[in-house]
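S.K.: Please work out how this folds:
(one chain, ligands or ions: 1)
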Amino acid sequence: MQHLIDIASLNSATVMRLFACTDRLRKQMPLRPLEGIAMVNLFYEASTRTRVALELAAKQLGMHVINVQSQVSSVTKGESLADTFHNLCAMGIRLFCLRHPQVGSPHQLVEVAPAGAHIINAGDGVHAHPTQALLDAYTLREALGEVAGKTIVIAGDLRHSRVARSNIALLNMLGAAEVRLAAPPEMQIRPMPPGNLVEFDDFDSAIPGADAIMMLRIQKERISELEIPDNNSYYRRWGLTEDRLSLAGEDCRVLHPGPVNRGVEIASEVLNGPQSLVMQQVYYGVFVRMAVMLEMLVEQPTVEQEC
Ligand code: CP
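M.R.: Residues are numbered from 1 along each chain as shown. Below you'll find the model as predicted:
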């Protein structure tokens, strides 16, 4: 795998290899197999989980990590993404983790990347967030045994969510029986991607029979203020409360990619409750990203040994 841009960069064999590598990394950490390789977190949008998990993953593998935040870089003086990238390549950076508000930004870098450079998409606009989908699927697999045959609800602001798009693609690749897309009509995903998808405009109807519910926040940074719903009315119709979760039964698991807005899309009692996998998602996210880095930067025969 040269780059990880979206779920189309993967096939099911690669995903299984990444999950097996993640399993092994959780049991035993390799001894700095990527010692001396330089990675940059190139972030043009805010982040806590993804940026820190990528940095931690890279450091656990022995890499040098440099963080570049666009707000305090020469981007503010007018430098383009491509020029920034070329300058960092000239310094010998091998791995670029890019978060950018514009859809397609990682593709732009792939088109001009030198042979030895690798790009991980850490989120581009509403398009894709593949490492989030990988860690979500890994978390589901750990909790449910497997993703194949399961019914998963994704609820909330689907339209503006790259996490939803990457999850839909990966859940379909892994054989989920049904992915239910529950959202207010103005937040429903369009155009509808391919797969075993069922649309719901009423949250309560989407929940019975679900094996897991993935909640999404309202992506306020991608919506005009005029279209942002009132928190209280949104919570009444679209908040995952204990009462709503009880429609699914006590084996149903709850996921959220974060950041969470308590009392808007999810109740604190659900987030902190026994059915929540949210902290497991964060925990596994470091190992999954280590597996991705090893897959990209270690020669194939060695990956098995390093993992
Ligand atoms: N899930 C996620 O992408 O969180 P951050 O925006 O904090 O990285």
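
S.K.: Look at the residue in the stretch 51-200 of the chain that the ligand sits nearest to and say how many residues are nearby.
M.R.: Using Cβ to the nearest ligand atom, the closest approach of the stretch 51-200 of the chain to the ligand is made by Gln132 at 5.3 Å. For the C-beta atoms, the positions are set from N, CA and C on the backbone; glycine is no exception. A count of nearby residues for Gln132, using other Cβ atoms under 10 Å, gives 24.

S.K.: was I right about it contacting Thr50?
M.R.: Yes. Between Gln132 and Thr50 there is a contact under Cβ atoms under 8 Å: 7.1 Å.

S.K.: what residues do those two have in common as contacts?
M.R.: 123, 285 (Cβ atoms under 8 Å, 6 or more residues apart in numbering).

S.K.: need the residues of the stretch 51-200 of the chain near the ligand, please.
M.R.: 51, 123, 132 (Cβ under 6 Å from any ligand atom).

S.K.: and the second one, which of the three is it?
M.R.: Pointing back at Gly123 there. strand (DSSP: H, G, I helix; E, B strand; the rest coil).

S.K.: show me what contacts it?
M.R.: Contacts of Gly123 by Cβ under 8 Å, 6+ apart are 45, 47, 50, 99-100, 129, 132, 162.

S.K.: quick check: longest helix of this protein.
M.R.: helix 278-297 (DSSP state H).

S.K.: which residues of the stretch 201-307 of the chain fall in strands?
M.R.: 212-215, 253-255 (DSSP state E, counting those that start in this stretch).

S.K.: Quick check: which of these is buried the most?
M.R.: Highest mean neighbour count of those: strand 212-215, a mean of 26 (counted as mean count of other Cβ atoms under 10 Å).

S.K.: Over that strand, what's the mean pLDDT, rounded is fine.
M.R.: Averaged over strand 212-215, pLDDT sits at 98.

S.K.: quick one: low-confidence parts of the protein?
M.R.: For the chain, applying pLDDT under 70 flags the ranges 226, 299-307.
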